[in-house]
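Chemist: Below: sequence and its predicted model.
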Amino acid sequence: MLDEERLKQDLQAFAAIRPLFVNLGWGLLNELDCTDLIKKGASLKELMEKREIKNKKMLETILDILVGNGVLKHEKNKYSFVSIPQPNKKEDIDFLKKNYNRSMEWIAICFKDAKEVITSGKPKDKAGFDDEKGLELWDAIMCESPYSLRKKAILIFTKELKDGNSVLDFGCGGGIGLEQILLETSKNIFLDGMDTSGNYLERAKKRMQHLYTNTQSEIIKRNIKKIQFTLFDPKKPLPKNKKYDVIFLSIVLNHIKEEKHAKLFKELKSMLKRNGRLVIYQLINQSKYNRVPIWVMHVVPSHQEYPFRETYLRNIKKNFRNVDCFFDGTITVSYD
Ligand SMILES: C[S@@+](CC[C@H](N)C(=O)[O-])C[C@H]1O[C@@H](n2cnc3c(N)ncnc32)[C@H](O)[C@@H]1O
């Protein structure tokens with residue numbers, strides 16, 4: 001059963017995080033001495049030149065998020081000032097501290113990294129969740145806590161699984177999705193995890209061992225024993241020795257350049273059985289100005305920005321039929 005209370009909390013957390021990032025964006029522009037120029041009205045190019053900012057994409061994302069949140073406007077190629085962002089409401093901060101107490105620590109790391117990256121123009125070698133500390137914080141705030149959206153996506157297919165079905169968690173990372181799938185089905189299934197990172201796969205294997213040792217359920221134990229993990233090279237075609245009833249992607253597309261999505265969907269389709277389902281949980285940019293506020297993730301070397309809703313859906317619809325969207329496309333289900 002989906003924990004509706006938990007889902008409500010997660011949505012509340014997303015809502016509370018948005019102004020926090022808007023404030024950070026404005027704070028960052030202040031620290032970079034951009035706000036005086038913006039108050040007079042300045043183009044992206046002028047800001048870059050006058051303030052020696054090297055990372056155009058990141059600056060533009062910050063500015064566009066501030067436009068989307070009413071802090072700036074963008075007219076005739078110039079960004080200009082509208083109003084100072086409102087400070088986060090105390091109850092939002094308290095909510096985040098109480099329910100997601102690692103999030104403040106994580107946002108502070110993002111802010112520090114973002115400042116370095118935007119001025120140097122170079123992604124950090126290790127940043128965000130590319131190091132151990134980041135991974136731990138990511139698990140704590142983005143995976144363990146707002147897990148309900150992922151879980152909601154998982155429940156869409158687990159309730160219909162039949163004995164003998166096969167499921168692939170593509171980009172399974174540390175295995176949180178695998179664990180949730182195992183906990184949500186009473187069927188005898190073949191579950192596989194694929195990832196481009198050996199470190200992540202090792203974490204996933206440990207997670208499975210831990211679940212195996214701690215569960216009383218024979219079916220979960222049996223399903224864990226059958227799991228196959230595949231490490232693959234994203235530059236090569238995907239291994240296609242197996243076909244699946246369900247392929248699940250959770251927060252993976254933002255690691256893959258948008259121009260490669262169409263090819264990826266085509267390959268994933270060829271790995272699905274007839275009538276198989278592709279289920280995606282992905283934070284997406286609703287428009288240029290209404291972007292995922294977690295923009296500072298640009299500092300994570302492996303991040304390729306979040307997909308834009310329109311292109312993302314177009315790419316899916318090109319390959320799949322019956323595309324259903326939930327939460328504005330944050331959860332998408334499509335059929336072969
Ligand atoms: C944010 S993590 C999400 C992990 C997991 N699916 C979850 O929901 O917690 C993104 C994962 O995508 C993987 N990844 C990166 N590039 C990929 C690619 N080209 N194909 C498949 N997975 C990729 C990363 O190694 C990482 O494990």
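Modeler: Great, that's in hand. Numbers count the residues shown, from 1 in each chain.
Chemist: can you list the residues of the stretch 201-336 of the chain near the ligand?
Modeler: P234, S250, I251, V252, H255, I256, S302 (C-beta under 6 Å from any ligand atom). For the C-beta atoms, the positions are set from N, CA and C on the backbone; glycine is no exception.
Chemist: how far does stretch 150-158 sit from the chain's center?
Modeler: Relative to its parent chain, stretch 150-158 has a centroid offset of 16 Å by C-alpha atoms, centre = their mean, to the nearest Å.
Chemist: before we move on, what about stretch 205-216?
Modeler: In terms of C-alpha atoms, centre = their mean, the centre of stretch 205-216 is set 25 Å apart from its chain centre.
Chemist: what pLDDT, on average, does it get?
Modeler: Confidence for stretch 205-216, expressed as mean pLDDT, is 97.
Chemist: Give me the contacts around stretch 69-78.
Modeler: Around stretch 69-78, the neighbours that count as contacts under C-beta atoms under 8 Å, 6 or more residues apart in numbering are 18-19, 22, 25-26, 38, 41-44, 63-64, 66-67, 79-85, 289.
Chemist: Show me which of these are buried.
Modeler: 18-19, 22, 25-26, 38, 41-42, 44, 63-64, 66-67, 79-81, 85, 289 (16 or more other C-beta atoms under 10 Å).
Chemist: Which ones among those lie within helices?
Modeler: Residues of the buried ones among the contacts of stretch 69-78 located in helices (DSSP state H): R18, P19, V22, G25, W26, I38, L44, L63, D64, L66, V67.
Chemist: Just the closest of those residues to the ligand, please.
Modeler: R18 (19.4 Å; C-beta to the nearest ligand atom).
Chemist: Tell me if I'm right that the closest one and P293 touch.
Modeler: Yes - taking C-beta atoms under 8 Å as the definition, R18 is a contact partner of P293 at 4.8 Å.
Chemist: Can you name the residue of the stretch 151-300 of the chain nearest the ligand?
Modeler: G173 (2.5 Å).
Chemist: Which of the three states applies to the spatially closest residue to that residue that is not a sequence neighbour?
Modeler: With C-beta to C-beta, 6 or more residues apart in numbering as the criterion, G173 has its nearest non-adjacent residue at 4.8 Å, and that residue is Y200. Three-state call for Y200 (DSSP: H, G, I helix; E, B strand; the rest coil): helix.
Chemist: Might you report the residue contacts of Y200?
Modeler: Neighbours of Y200 in contact, by C-beta under 8 Å, 6+ apart: C172, G173, G174.
Chemist: got it, and E179?
Modeler: R207, M208, L211.
Chemist: For the residue nearest to N254 when sequence neighbours are not counted, which three-state class applies?
Modeler: Nearest residue to N254 in three dimensions, chain neighbours excluded: Y306, at 4.9 Å (C-beta to C-beta, 6+ apart). Under three-state DSSP, the three-state class of Y306 is coil.
Chemist: neighbours of N322, just the number please.
Modeler: 10 (other C-beta atoms under 10 Å).
Chemist: Where does it sit: helix, strand or coil?
Modeler: Under three-state DSSP, N322 falls in the strand class.
Chemist: Return the residues in contact with it.
Modeler: Residues near N322 by C-beta under 8 Å, 6+ apart: S334, Y335.
Chemist: Next one: it from G68, what distance?
Modeler: To G68, N322 is 31 Å away according to C-beta to C-beta, to the nearest Å.
Chemist: Give me the residue at the spatial middle of this protein.
Modeler: Using C-alpha atoms, centre = their mean, the residue of the chain that lies closest to the mean C-alpha position is I251, 3.7 Å off.
Chemist: Many thanks, we can stop here.
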